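Trainee: Predicted model follows, preceded by the sequence.
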Amino acid sequence: MREKHIHQIFVVSLAAKGGHALIEIAGGLALYLLGAATIADLIRPHEWVAHHFRPSEQYFYAFYLLSHGVVKGVLVFYLLREKLWAYPASIAVFGLFILYQLYRYSFTHDVGLILLSIFDLFVIYLALHEYRLLRKRLPTH
């Protein structure tokens, strides 16, 4: 019964990661196609958008959001299908994301990056747990 609950938490965590990936993809596409100025006109407060998305950095952030979202989305897709290779791949990729988020935190001091890193650590823990269980269920040759 305990393992069933852990698996359910893992699936819910993956759904949250997948939803976040879709938001990143949509944000990256919007930033690339519409530009920071148009987005600033659509949402408030303008100061936040202007501070975080300067026109000179627009394509970097668009690429970052798109690539981050696509990579995360692909990993979530294959984790939900219990593809064995996706577990170590996601652990490595999410670990790299944590390192980058902590690096960015050293410049921005954005607490959201710390919270995102804690959630990523939680998902890594669950993925490792699920990976071990899945390997036990598979026949060895």
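Mentor: Yes, it's here.
Trainee: Now do residue 7 against residue 126, distance only.
Mentor: 9 Å (C-beta to C-beta, to the nearest Å). (Each C-beta comes from the backbone N, C-alpha and C, glycine too.)
Trainee: what about those two, which has more around it?
Mentor: Taking other C-beta atoms under 10 Å, residue 7 and residue 126 do not tie; residue 126 has more neighbours (19 against 14).
Trainee: and the residue lying closest to that one once chain neighbours are set aside, what does it touch?
Mentor: Distances taken as C-beta to C-beta, 6 or more residues apart in numbering place residue 10 nearest to residue 126, at 4.3 Å, with adjacent residues excluded. Applying C-beta atoms under 8 Å, 6 or more residues apart in numbering to residue 10 gives the contacts 123, 126-127, 129-130.
Trainee: name the element residue 10 belongs to?
Mentor: helix 2-34 (DSSP states H and E).
Trainee: Which is the succeeding secondary structure element to the strand or helix carrying residue 96?
Mentor: Secondary structure from DSSP H and E places residue 96 in helix 86-108. Next helix or strand after helix 86-108 toward the C-terminus (DSSP H and E): helix 111-137.
Trainee: Please work out the average pLDDT along that following helix.
Mentor: Average pLDDT, helix 111-137: 93.
Trainee: Just want the angle from it to helix 86-108.
Mentor: Compare the direction of helix 111-137 with that of helix 86-108 by axes from the mean of the first three to the mean of the last three C-alpha atoms, to 10 degrees and you get 170 degrees.
Trainee: Can you mark which positions in helix 111-137 are buried?
Mentor: Buried residues in helix 111-137, counted by 16 or more other C-beta atoms under 10 Å: 113, 116-117, 119-120, 123-124, 126-127, 129-131.
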